[in-house]
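# test case, fold it:
(2 chains)
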Amino acid sequence: MLTLLSVSISTIVLINVKKWNWNALFVALAMMTFLSITTVNNSGSASWSFLSHSLAVDSLSAPLIILSCWLAPLCFLAQNVVKGNSGSLQNGFLALTCSIIFFLLLTFSSLNILSFFICFEATLIPTLVLITRWGANVERLQAGTYFLFYTLFGSLPLLVSIVLISQTTSTLMIPISEIVSLQGNTFFSINIWWIITIVAFLVKMPIYGFHLWLPKAHVEAPVAGSMILAAILLKLGGYGIIRMNAYFPDVTTLSAILTVICCWGALITSILCTRQTDLKALIAYSSVGHMSLVAAGTIVFSDWTISGAIMLMIAHGLVSSALFALANILYERTHTRNIFITRGFKMITVLLPFWWLISCAANLGLPPLPNLIGELYIITGIISWSIFLAPILGVATVFGAIYSLLIYQNTNTQSIVLSSMSFNEISPREHILILFHLLPLLSIIVAPNSCMVWSN
Amino acid sequence: MNRLVNAFLLTSLIAGTSLVIFSNHWFPIWLGLELSTLSIIPLLSYTSQSRSVEATLKYFLVQAFSAALLLNGAVLNLWISNSWDVNSITSPISYFIITAALIIKLGLAPCHFWFPDVLSGLPFLSTIIIACWQKIAPMFLLLSLSNLVSSEIIIVCSILSVLVGGWGGLNQISVRKILAYSSIGHLGWITCVAFFIPEVSYLLFLFYILNNTAILLICHNGSLYYLSSLSKSNVVPITAILFSIALLSLGGLPPLGGFINKVIPLIVFSLNGNNFIIPFFLIGSLISLFFYIRIVFNTSLTLFPQHSLNIVSFRTGNSSLSQPIISTLIPITIWGLLLLPIFFLFI
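Predicted coordinates:
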């Protein structure tokens, strides 16, 4: 674990390399990824490995750490336009992305809830700077403000809750959180306590009521920011809910209400996706739908739903990031994200429709890709919790299939707009970018236990 | 101004504040407060712009009034408890009068109305004296008094200060007024801790003073008087980034140092079971974060079409005297989170 962190800090040194800073950073982060794969253990239960004083890895954090390390070099591969900036601005971009990755590693491996909170918030400032400084439209200021204030509105009550937990249980260690769980409080206070703890993560995920920041942030962010945001920063919410749920074993009323809200949110968001006009906003809303499903799974908190939630988080991270990279490949050439204009590219690109097909198929939940495994586990768990959510989740899945196929058909098989016929070739960099997003999906099919183990 | 006169006035300013901090008798405390007020009046009004003279006059009136009120409270305490000693405040009426005087001096709500007005009339170096140094003496008095008599007036005033600091700064375009309202808000956080554990307030106050001084020095270097001049500023480019970091630290975002100004009061409030007042502080800090973000956006996160002469002039900021001071203070705001374990010595 310390090796991993020291490599991620050494990337700061590599930022100042004269001509090859992007490539040197890519290599360093790829090395970090190889180091991080050793964190997975197949022991089959929620045990802590790589233990040190304040950092440890368990079966929930290991796949997320690997995911954040995996996406770091891919972000640098995707972001080509920044190379037109001056040297110091390029270095700033690299520094910000590396600092996000560093704080993410600390978040997922921290054993102390307060340090988890500090690193959770620490990812906000670099992302805010990425969105507002390297975004392209004038709306990026409002997008940055929405992003910051939605997240902080949720996380300040979380800070209060952490302080209260430390007063009541006199410890902030995560491994013993089930032992010191908060029982015996009044009905009113434990529900309020749970709500102020969970809201931060629900806003971060986001679920349907708190989701307004996500389409804005995704549309205005540069592609590296979008990729990191979609892939990992949303998963911080799921990770947080799973960790904090151990403290609240007996909130039943509010968790029931919230599960239903999350399921309805998944349905509504899937329907909304069919009417979006901006390609990136479409993918952002699909993120909201998937993460609402993950949120519902984590709130129900049974073995199957948690396993499905972890699997869906990893799979959604990879697929959503691949979709944003694909959208950016088209955006760099046509400078528009409007789905009525970016269409019909099967005619003029060679291998790209294949990547679009795999990504959209993974997004809609095609077997045997791990998105299906996650969704299936979550839906099964939620239906066994209450049968009345079955039609809602079923229709949500169907609409998920509808809009994913809409994305594929609109961008590839529609009739092409004549003005986009002049088109640069898809470079090998971009092919490798999408390939490495989709290769881990195949490997997860073979070894689903690496992303799924969670048993209290 | 003549260097000798400048040195004399600054020396008497420091002497006045030290007199307040180090004495046990009420009379030298009043003397020190009046001495610090009188000694900076020539410093503030030397520029003879009418706006500075007006600000100086308002400042003098407010401070003289509150110092007289303080002396009145001290004499009342002498009559009740037969002692000039600072530690002999036992009766609520004398405590109330003295605390009211200190609240007016500090600029806490509901007595905050003079503070943005005075600050927006003065150049930035004088702003540092008013906003940072002049708060030391009344804050020391307030903290030593709350060791003796704990009265809820401090909590009421601090909640009002936090809310006023948040809402007041929203509609401002003058950077000095924005920093004035942020000052009011921060003093609200600091003085509310004084009700519970006054020793911790010293730590928070010290951190706030360092952070605020760094920001005001950078503003002085770049002459950032209004929001419109933030994007045209000719500061050293790294200073723009450090300015943004210092402002975000003032806003209380982790992992920067200003976070201790939020987390330590929250721990102190919940230690004493006083969870009811926490939502007011959170609301105030969220609203004040908005105008910090506005300044950060205008400074370094948006690039307006710039005249090329502006880009060339970044070398001129290097040779000023304030540059090493800024370079020392900014790392404190970045690494300030490491000061958090000091807090645990006090509980």
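# just the element for residue A:31, please.
Following DSSP states H and E, one finds residue A:31 within helix A:21-37.
# what parts of chain B come near chain A?
Residues of chain B found near chain A (CB under 8 Å from any CB of the partner chain) are B:237, B:241, B:248, B:253-256, B:259, B:262-263, B:266-267, B:270-271, B:275, B:278, B:282, B:285-286, B:289-290, B:293, B:297, B:300-302, B:337. All C-beta atoms are positioned from the backbone trio N, CA, C, and that covers glycine.
# the one residue in the stretch 1-150 of chain B that gets nearest to chain A in helix, strand or coil?
Taking CB to the nearest CB as the measure, the stretch 1-150 of chain B has residue B:150 as its residue closest to chain A, at 20.5 Å. When classified by DSSP: H, G, I helix; E, B strand; the rest coil, residue B:150 comes out as coil.
# now it: closest residue in space, sequence neighbours ignored.
Distances taken as CB to CB, 6 or more residues apart in numbering or on different chains put residue B:195 closest to residue B:150, at 5.8 Å, once the chain neighbours are dropped.
# what separates residue B:247 from residue A:125, distance-wise?
Computed as CB to CB, to the nearest Å, the residue B:247 to residue A:125 distance reads 11 Å.
# more neighbours, those two?
residue B:247 (29 against 22; other CB atoms under 10 Å in any protein chain shown).
# ok but the more buried one is inside a helix, no?
Yes - under the criterion used here (three-state DSSP), residue B:247 sits inside a helix.
# surely it touches residue B:214?
No - under the criterion of CB atoms under 8 Å, residue B:247 is not in contact with residue B:214, lying 9.7 Å apart.
# how close does the residue of the stretch 1-150 of chain B closest to chain A sit to residue B:275?
In this view, residue B:150 and residue B:275 are 18 Å apart by CB to CB.
# got it, and residue B:343?
Counting by CB to CB, the separation of residue B:343 from residue B:275 is 19 Å.
# tell me what the top helix by length along chain A is packed against?
Across chain A, the helix with the greatest residue count (assigned by DSSP state H) is helix A:303-334. Where contact means 3 or more CB pairs under 8 Å, 6 or more residues apart in numbering or on different chains; DSSP states H and E, helix A:303-334 is packed against helix A:61-78, helix A:223-228, helix A:235-244, helix A:279-300, helix A:352-364, helix A:370-385, helix A:428-446.
# closest one to residue B:53 among those?
Distance to residue B:53, taken as CB to CB, is lowest for helix A:223-228 among the helices and strands packed on helix A:303-334, at 50.0 Å.
# is that closest one up against chain B anywhere?
No - applying CB under 8 Å from any CB, one finds that helix A:223-228 is not in contact with chain B, the shortest distance being 13.0 Å.
# packing partners of that helix?
Applying 3+ CB pairs under 8 Å, 6+ apart, we find helix A:223-228 packed against helix A:61-78, helix A:87-109, helix A:124-134, helix A:303-334.
# okay, those in TSV with mean pLDDT next?
As requested, these are arranged in TSV below (pLDDT from 0 to 100):
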stretch	mean pLDDT
helix A:61-78	89
helix A:87-109	86
helix A:124-134	88
helix A:303-334	92
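# want to throw the ones you listed into JSON lines with distance to residue A:379?
Putting the helices and strands packed on helix A:223-228 into JSON lines (distance: least, CB to CB, whole Å) gives the following:
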{"stretch": "helix A:61-78", "distance to residue A:379": "21"}
{"stretch": "helix A:87-109", "distance to residue A:379": "26"}
{"stretch": "helix A:124-134", "distance to residue A:379": "31"}
{"stretch": "helix A:303-334", "distance to residue A:379": "8"}
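# that older thread, redo the helices and strands packed on helix A:303-334 as a markdown table? Include mean neighbour count.
A markdown table is the format used below for the helices and strands packed on helix A:303-334 (neighbours: other CB atoms under 10 Å in any protein chain shown):
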| stretch | mean neighbour count |
| --- | --- |
| helix A:61-78 | 25 |
| helix A:223-228 | 28 |
| helix A:235-244 | 24 |
| helix A:279-300 | 28 |
| helix A:352-364 | 22 |
| helix A:370-385 | 22 |
| helix A:428-446 | 17 |
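# which of those comes out lowest on mean pLDDT?
Ranked by mean pLDDT, the helices and strands packed on helix A:303-334 bottom out at helix A:223-228, which scores a mean of 83.
# okay, it in CSV with CA atoms only?
Extracted as CSV, the C-alpha positions of helix A:223-228 are listed here (Å, rounded to 0.1, in the frame of the first residue of the first chain):
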residue,chain,number,x,y,z
VAL,A,223,-12.7,14.4,-21.3
ALA,A,224,-10.2,13.5,-18.6
GLY,A,225,-12.4,15.1,-16.0
SER,A,226,-15.5,13.4,-17.3
MET,A,227,-13.8,10.1,-17.3
ILE,A,228,-12.5,10.4,-13.8
